[in-house]
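J.: Quick one, structure for this:
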Amino acid sequence: MSKRTKANTSTKTAKSGDERSEDKRGISRPVFVLIALAAVAFLIYSMISIIGIQAQIRERKAELDDLKEQITVQEIKNDEMRKLYDSTGSDFSALAEQIARDDLDYVKEGERVFVNVSGE
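T.: Here you go, the predicted model:
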């Protein structure tokens, strides 16, 4: 036999030996690398998704706080309306006058209103 033939046969023998050892290990190196890359890609995707979800949670909490504040304001208005509805006689007059002054900027006849133009 020539040297080339011996080298080819020894290479074939070596390859078939490597293939047998890969079969014994279970997964070949390229498949393992592919699986590892897929796992890393999934991990990165999961982290990005979690960050996005946390941002949405912060937005929703801010929205919830705004709604709670609106509820508080509306409850105060409801209490004022309930007082107005339940009041009679002089209570009604005093409450109506207070609402007219505060909300509608009304003044009594002959009354002077001073406005602070300095902004303080």
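J.: Count the neighbours of E80 for me.
T.: The tally of other residues near E80 (other CB atoms under 10 Å) stands at 14. Just so you know, the C-beta spots here come from the backbone N, C-alpha and C atoms, and that holds for glycine as well.
J.: Please list all residues in contact with it.
T.: For E80, the contact set (CB atoms under 8 Å, 6 or more residues apart in numbering) comprises I99.
J.: And it, how close does it get to L64?
T.: Here E80 is placed at a distance of 25 Å from L64 (CB to CB, to the nearest Å).
J.: any low-confidence regions in the chain?
T.: Scanning the chain for pLDDT under 70 picks out the ranges 1-25, 87-90, 120.
J.: at 80 instead, please
T.: Filtered on pLDDT under 80, the chain yields the residue ranges 1-26, 83-96, 114-115, 119-120.
J.: Which parts of it are helices?
T.: Remark: helices assigned in the chain by DSSP state H are 3-25, 29-86, 90-102.
J.: Including distance to E109, could those go into TSV?
T.: Output for the helices of the chain, formatted as TSV (distance: least, CB to CB, whole Å):
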stretch	distance to E109
helix 3-25	101
helix 29-86	23
helix 90-102	13
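J.: nearest to G119, of those?
T.: Among the helices of the chain, the nearest to G119 by CB to CB is helix 90-102 (20.2 Å).
J.: now the closest one and helix 29-86, what's the angle there?
T.: Taking axes from the mean of the first three to the mean of the last three CA atoms, to 10 degrees, one finds helix 90-102 and helix 29-86 inclined to each other by 130 degrees.
J.: Relative to E63, how far out is the residue nearest to the spatial centre of the chain?
T.: By CA atoms, centre = their mean, the chain has its centre lying nearest to Q56, at 1.5 Å. With distances taken as CB to CB, Q56 is found 10 Å from E63.
J.: Could you do D105 as well?
T.: Between D105 and E63 the computed distance is 33 Å (CB to CB).
J.: Ok, N78 next?
T.: Noted for N78: a distance of 22 Å to E63, by CB to CB.
J.: try S28
T.: 52 Å.
J.: So for these two, which residue has more residues nearby?
T.: Ranked by neighbour count (other CB under 10 Å), S28 and E63 place S28 first, with 13 against 10.
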